[in-house]
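**Q** only geometry, no sequence info:
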């Protein structure tokens, strides 16, 4: 079982009881639970152990309780990343607010500012390559730790970076918004060739294909234009973010641009697969 939150079925297995008992104890207020954005019950290791102590239930199959000390209030996310403090980063990237719109806005502000600062300093040689890679790995792991447990979903999205784009970190944030919105996702990573992107669409028929790139404009790429047309023929919506979402060319037909996670989340709530 994961060391963060477990499902009702996992808690029942650990206590050697039925799932109905876990749900009854939760509904009666005896067993503390949290709710995912999709409304599912989840249980922390600490809550399960407190309940086990009160009820005299077995604890050997429960996940271990990880004791973490919050970072000082004046430590910024960038400072935690620059110092390689993974524990502080985990605390600082967790949006301790309700509602997906507010969480998306939190990521835009807090995580976005830190990533821009890292990029700015790396481009000016104020961060070494290993420091930039370490910071990216730490924040990627912290973001992925916020993903909800896998569950069945009727809507599917594929996420990737176009050819020659190696920075896939923003896609991990986009994936989080998708999954918190009850979408199934597949992250194909950095520098995906166009023929591989077309094959992924043809073989899995996603409702959305999401691209992110730090440089360039897709409208200048004939490969991208052909890809968009093929997606439209298969009723797959193409969306783009990062620097692709900027510029003065307007919005060509066939795909949708987003400059912020908040804007993407707002659009996703109203999106209906074709």
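**A** Sure, I can see it. Nothing here was measured: the structure is a model prediction, and the numbers come from that model. Numbering: from 1, shown residues only.
**Q** neighbouring strands - and their directions - for the worst-scoring helix or strand of the chain on mean pLDDT?
**A** None of the helices or strands of the chain scores lower by mean pLDDT, DSSP states H and E than strand 34-35, at a mean of 77. Strand 34-35 sits in its sheet next to strand 41-44 (antiparallel), going by DSSP bridges.
**Q** for the helix or strand immediately after the partner strand in the chain, what is the average pLDDT?
**A** Next helix or strand after strand 41-44 toward the C-terminus (DSSP states H and E): helix 45-55. Per-residue pLDDT over helix 45-55 has a mean of 83.
**Q** quick check on the most centrally placed residue in the chain: phi, psi?
**A** Centroid-nearest residue in the chain, with Cα atoms, centre = their mean: residue 176, separated by 2.2 Å. Main-chain torsions, residue 176, degrees, to the nearest 10: phi -60, psi -40.
**Q** ok, it to residue 111 distance?
**A** 10 Å (Cβ to Cβ, to the nearest Å). Every residue, glycine included, has its C-beta placed from N, CA and C.
**Q** what touches both of these two?
**A** Between them, residue 176 and residue 111 share these contacting residues under Cβ atoms under 8 Å, 6 or more residues apart in numbering: residue 143.
**Q** hey, where'd the helices end up in the chain?
**A** Applying DSSP state H to the chain gives helices spanning 8-15, 19-27, 45-55, 77-82, 86-93, 100-106, 112-123, 129-144, 169-180, 194-204, 222-233, 261-270.
**Q** so which of those helices gets nearest residue 163?
**A** Proximity to residue 163 (Cβ to Cβ) singles out helix 194-204 among these, at 6.6 Å.
**Q** contact partners of that closest one?
**A** 156, 158, 160, 162-163, 186, 188, 206, 209, 223-224, 226-227, 230-231, 234, 236.
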